[in-house]
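K.L.:
Provide a 3D model corresponding to the input given below.
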Amino acid sequence: MKAEFINPFVSAALQVLQTECRVTARKGQISIQESPLASDDLTVLIGVTGRVQGLVLYNMSEKTAKAIVSAMTGEPMPLFDKMSESAIAELGNVITGIASGELEAAGYPCTIAPPSLISGRGVMISTLTIKRLVIPLELDAIGGIQIHVALRETY
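P.N.:
Okay, the predicted model is just below:
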């Protein structure tokens, strides 16, 4: 997978998380994984089509998701409810939207699908033959998110 497919997601995630959650996010060691992904409590899944195609997944614990929503709204979030689901899905949508703009600027126009939210620890998600680059992010006092980018160039 080309680095120019990954860097837009790293920069977009760092920017959006800092703006929306008002915390510093640190990127961990990027790794390559093959399918399947065993999900954490929550996974936002967004399809990408165009000059690049595949999936982007945002994987996190429910505790981290509630802390992110609390930071975004300024309200305590004791339960992960419909509003929380919407907020986490939209966070993934915003990051992917910004990254897709950067991909287009680099000559890879693409379109993103509306986000889907998968709930349940250990759910197996396969990206089939597309390897995933995993970008771990650690958010101060909030927890960790893993961004899985499984994109390939189309011709």
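K.L.:
all contacts plus neighbour counts: C-alpha atoms, from now on.
P.N.:
Will do.
K.L.:
ok, now which ones touch the residue nearest to T154 when sequence neighbours are not counted?
P.N.:
Once flanking residues are discounted, T154 sits nearest to R51: 5.1 Å by Cα to Cα, 6 or more residues apart in numbering. Each residue near R51 by Cα atoms under 8 Å, 6 or more residues apart in numbering is listed here: Y108, P109, C110, E153, T154, Y155.
K.L.:
let's see it at 6 Å
P.N.:
Going by Cα atoms under 6 Å, 6 or more residues apart in numbering, R51 touches Y108, P109, C110, E153, T154.
K.L.:
longest strand anywhere in this protein?
P.N.:
Scanning the chain for the longest strand, with DSSP state E as the assignment, gives strand 143-153.
K.L.:
give me the number of residues near V52?
P.N.:
Residues contacting V52 under the criterion other Cα atoms under 10 Å number 21.
K.L.:
so which elements touch the longest strand of the chain?
P.N.:
Applying 3 or more Cα pairs under 6 Å, 6 or more residues apart in numbering; DSSP states H and E, one finds that strand 143-153 contacts strand 52-60, strand 132-139.
K.L.:
so where is this protein shaky, pLDDT-wise?
P.N.:
1 (pLDDT under 70).
K.L.:
just the strands in it please.
P.N.:
For the chain, the strands defined by DSSP E cover 25-27, 31-33, 37-38, 42-50, 52-60, 110-112, 116-119, 124-125, 132-139, 143-153.
K.L.:
give me the buried entries from the contacts of R51.
P.N.:
With neighbours counted by 16 or more other Cα atoms under 10 Å, the contacts of R51 contain buried members at Y108, C110.
K.L.:
ranking the helices and strands packed on strand 143-153 by burial, who's on top?
P.N.:
Most buried of the helices and strands packed on strand 143-153, by mean neighbour count (mean count of other Cα atoms under 10 Å): strand 52-60, with a mean of 23.
K.L.:
quick one, longest helix in the protein?
P.N.:
helix 82-105 (DSSP state H).
K.L.:
give me the residues contacting that one.
P.N.:
For helix 82-105, contacts defined as Cα under 6 Å, 6+ apart pick out P8, F9, A12, A13, V44, P115.
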